[in-house]
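Participant: Sequence and predicted structure below; questions after.
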Amino acid sequence: MSEIRVRFPPSPTGYLHIGGARTALYNWLLVKKLGGKLVLRIEDTDEERSTEASAQAILEGLEWMGITWDEGPYLQSDFAEEHRAAADELVRQGKAYRCYCTREELAAKREAAKAAKQSFQGYDGSCRSLSEDQRALLEDQGRPWVVRFKVDRGEGAVSFDDLVFGPTEVSLAELDDFVIVRSNGVPLYVLSNVVDDHRDRITHVLRGADHLVNTPKQVLLYRAMGWEVPAFAHMALTLDPKKAKISKRRHGEVVAVQFYRDHGFLPWAFCNFMALLGWSAGDDREIYETPEDLIQAFTIEGMAKRNSVFNYRKGDPKFITDPKAIHINAQHLRTMPVEILAPHVKQQLEAASIWSDAWDAGGEERDWFLRTLELVRVRYNFLTDFVTLARAFFDDDYPMEEKALRKSLRKDPALADYLPRLADRLDDLEIFDLETTEAALRALVDELSIKPGLLINAARVALTGQGVGPGIFDVFLALGQARTCARLREKAPLCAGE
RNA sequence: GGCCCCAUCGUUCAGUGGUUAGGACACCGGCCUUUCACGCCGGCGACACGGGUUCAAAUCCCGUUGGGGUCACCA
C-alpha cells in the first residue's frame, strides 16, 4: 500500500474554530496512526474575506494544539495557473463548456422553475448546445462567460464509498452542469480543490459532512481528468446546543481555539476533548494521557455518523464552556506528571510577573515548586487558576477575599489576638513539620478553649486570602515558618474589623 | 421546497437479535473533613413514534415525525 497522504485545507477567513480544529485533529490522528504525511494548504483563492492575519491565527491555533504537519503550508492561490489549465483541458476535451448566461437570466429561470413547481431548479444547459455561430456572436458581443462542467446524464449515477457514511450514490439527474470557472477567470473551489488534492497526491480526504453533497461533483471531475479518486471520509458536524452549525460569526470566541488557550486549557486536554466529540474507540475510555495513547486507539471506524452538540453554556458563570471540556482539562491538570505541568504553570506565572527563576533551577526551590503544584492542583480546573487561586503561594501580595474575611477572620474579634499568639507558637518550633505545627495549634486551641475550626479557618484566610484551600498544616509548610508567622501577625488587625 | 444524511439519559460515548440498556459530564443526596476540592457510595435520567420480520428487536426492513447538511460565478 502506498503512503497515506491527507490534508487540512482551511480557508483563512477568521480564527481557527472548533470545527476546523477537530477536522485538523482527526486528519493528524489518522496520519500518525497509519503513518503518512499531512499537508497543510491555505485555501485563499479569491475571497475578499481571506486575510494574512487569519492564516497566521490558524497556524498558531494548530501549533498550540500540537498538531504538526509534514508539508506546507501551501497557498492555493499559488496554483491558480494549474487550476485554469485543468479547466482549459476539460473544455478542450469537450467535457466542459463556456456558458454565457448572465446571473440575471439564471435567476429569472430559477424563479420560473420555482413558480412552475419544478423540482429541478439547477442550470438548464442552454449554452451546452450553442452552435458555432451563436457562440461567435456572443463572443463578439463581449459577453462574459463562465465554464461549466458537462454532466453526462447517461451514466445514471455517481457513487463513492465513504469511509464513514458507507456507499453513497447520487443520481446524475440531480446534478446540473455546475460552474468550475468564474466569469473573472478564477476557478471555483470544487475544481481547485480537486486539482490540488491530485497534485498533492492526497489518498484520503477527511473533511466535514457539509462537503458530502459536493463530493459527487468532485468524483466526476477526477474521472474527467483521468485521475485516481481518493478515499473520502466525512465527519459528522459539531452543532451548538440549539442544533445549529457552529460558526465563528454566530458563536464568537467560545468556539475559537484561542479562547481555550487564553482560559488556561492544556493543549492536549483540549485535543482529548475534541477527539471525543464524535469519536470513540468503542469502549468507555475518555482520558487519553498522551497523544500516543489516542493515536493508538484512533480509527476511522470509530467516527460517529450523527452530529454532536458542543454543549457550551452561554452566560453561565460556572461553566465557561462545555462542562465536559472543563472536566477533561481538570483531569489532566491533576493527574499528569507534575514535571510536565510545571512549564505550563511557569508560563502563567511569568505572564503575571510573579515567576521566580529559582523554581526552575533545580534543587530545593524547584522541589518546593513542584510540591506546591501537587498540593494545590487537585482543586483547579484551569492553568489560570495558578495565578489567581494559588497566588498567595507564589507572591506575598495577594488579594483578601471579602466573603472569606467576613466569614472567618471577623468571626470573632478575639482572633486579632489569637493569630499573633499562634504565630508565636509556630515561631518557637525547632522542627516545622506537619506534626509539630498541628500539635502547636491544637495546644493553643485547648488553652484558649475554642473550636479548632475557628483558628484554622481564620489562619487560612490570613495566609491565603481565601476561605478555601489545602489543609492548613499543608499551607503552613508550603509557606514556610517565616512567611507563615509574618502573615499571621500582619493580617491579625483585620480580625478587629479594620 | 428538492436531494442527501442522521436519530440511545439534558450533553457525550458504549451497546450491532436475547443486557436489570452501561460509562462519563451535569444535577441531587450521603460518606470523608478544619474549609473547598479530590476521592468513595447512592439517586435522578434515554432506546422519537407507528407498522412489520423474528421464538426474541435499541439493534434488521418500511413509513411517520424530528434534527442536520446542501441547493452560489464562498471555501
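Facilitator: Noted; the coordinates are in hand.

Participant: What residue in chain A is the furthest from its centre?
Facilitator: residue A:447 (57.0 Å; Cα atoms, centre = their mean).

Participant: outside of the host helix or strand of that one, which residues touch it?
Facilitator: Secondary-structure assignment from DSSP states H and E places residue A:447 in helix A:434-448. Outside helix A:434-448, the residues that touch it by Cβ atoms under 8 Å, 6 or more residues apart in numbering are A:418, A:421-422, A:425-426, A:428-430, A:451-452, A:455-456, A:459, A:472-474, A:476-477. To be clear about C-beta, it is placed using only N, CA and C from the backbone, and glycine gets the same treatment.

Participant: is the helix or strand just after that helix anywhere near RNA strand B?
Facilitator: Following helix A:434-448 in sequence order, the next helix or strand is helix A:452-464 (DSSP H and E). Yes - applying Cβ under 7 Å from any atom of the strand, one finds that helix A:452-464 is in contact with RNA strand B at A:452, A:453, A:456, A:457, A:460.

Participant: are any of the residues you listed buried, and which?
Facilitator: A:456, A:457, A:460 (16 or more other Cβ atoms under 10 Å).

Participant: pretty sure the first one is in contact with residue A:472, am I right?
Facilitator: Going back to what we said before, that points to residue A:456. Yes - the pair formed by residue A:456 and residue A:472 meets the contact definition of Cβ atoms under 8 Å, at 4.8 Å.

Participant: Would you tell me which residues of the stretch 251-400 of chain A are close to RNA strand B?
Facilitator: Near RNA strand B, when you scan the stretch 251-400 of chain A using Cβ under 7 Å from any atom of the strand, you find A:276-280, A:282-284, A:286, A:302, A:304-309, A:311, A:318, A:322-324, A:326-327, A:334, A:378-379.

Participant: tell me which strands and helices the worst-scoring helix or strand of chain A on mean pLDDT is in contact with?
Facilitator: Of all the helices and strands that make up chain A, helix A:103-115 has the lowest average by mean pLDDT, DSSP states H and E, namely a mean of 77. Contact partners of helix A:103-115 among helices and strands, from 3 or more Cβ pairs under 8 Å, 6 or more residues apart in numbering; DSSP states H and E: none.

Participant: List the buried residues for that helix?
Facilitator: Judged by neighbour count using 16+ other Cβ under 10 Å, the buried positions of helix A:103-115 are residue A:109.

Participant: and whatever helix or strand comes next after that helix, does that touch RNA strand B?
Facilitator: Scanning forward in sequence from helix A:103-115 by DSSP H and E, the next helix or strand is helix A:132-140. No - in terms of Cβ under 7 Å from any atom of the strand, no part of helix A:132-140 sits within range of RNA strand B; the closest distance is 12.5 Å.

Participant: contact partners of helix A:132-140?
Facilitator: Residues outside helix A:132-140 that contact it (Cβ under 8 Å, 6+ apart) are A:98, A:100, A:130, A:145.

Participant: and the third one, what does it touch?
Facilitator: Residue A:130 makes contact with A:97, A:100, A:138, according to Cβ under 8 Å, 6+ apart.

Participant: nearest to RNA strand B, of those residues?
Facilitator: The shortest approach to RNA strand B among the contacts of residue A:130 belongs to residue A:100, at 8.4 Å (Cβ to the nearest atom of the strand).

Participant: mind listing what the closest one touches?
Facilitator: Contact analysis of residue A:100 by Cβ under 8 Å, 6+ apart lists A:127, A:130, A:138, A:143, A:144, A:145.
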